[in-house]
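[1] Requesting a structural model of the entry that follows:
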Amino acid sequence: MIIPHFIGDLSERMKKLNEVLSGNSGIRLVGSSFGGLMASIFAMENEPRVDRLILLAPAINLVEFSDYQLREISVPVLIYHGEKDDVIPLQAVEPIAKKYFSNLTFNKVDDDHFLHNTFKTIDWETLL
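    Numbering: from 1, shown residues only. Down below sits the predicted model:
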């Protein structure tokens, strides 16, 4: 498991993510909020190397405003998004997820942006 700390704008963060994962395959990415946006972009650019995405309240509503090449991907994508999220609106994320992720499981949960209640109930051992 690799858990780097990211700082800077999206392009700086993506550069570091690409460096960290350079030469790896069979990747299972977990990304929360802005990290969910990063994981999505990485998978779109490196789909053959990615096995699965697990996205927690992902900021993918920003993906179409980025300079990255966007395309539909077929890797399994699991999203957990709180219905009470006041940071990343659920209504903005769901249609984008359905547009770009053809193998999507979208879990709307009774939770907030930080998924305080949901995070503990996710079967991480199976997913990772």
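[2] my read: residue 82 touches residue 113, true?
    Yes. The pair residue 82 / residue 113 is scored as a contact, 6.0 Å apart, by Cβ atoms under 8 Å. For every residue, glycine as well, the C-beta is placed using N, CA and C.
[3] These two: which has the busier surroundings?
    Neighbours were counted for residue 82 and for residue 113 using other Cβ atoms under 10 Å; residue 82 has more, 23 against 18.
[4] Pick out the residue closest to the middle of this protein.
    The residue lying closest to the centre of the chain (Cα atoms, centre = their mean) is residue 36, at 2.8 Å.
[5] before we move on, back to that, and for residue 82 and residue 113, which residues touch both?
    Common contact partners of residue 82 and residue 113 (Cβ atoms under 8 Å, 6 or more residues apart in numbering): residue 57.
[6] So what does the most far-flung residue of the chain relative to its centre have for phi and psi?
    Centroid-distance maximum for the chain: residue 23 at 20.4 Å, with Cα atoms, centre = their mean. The phi and psi values for residue 23, taken as degrees, to the nearest 10, are phi 80, psi 0.
[7] can you give me the helices for this protein?
    10-20, 34-45, 90-100, 124-127 (DSSP state H).
[8] Show me what the longest one is packed up against.
    Read that as helix 34-45. helix 10-20, strand 27-32, strand 50-56 (3 or more Cβ pairs under 8 Å, 6 or more residues apart in numbering; DSSP states H and E).
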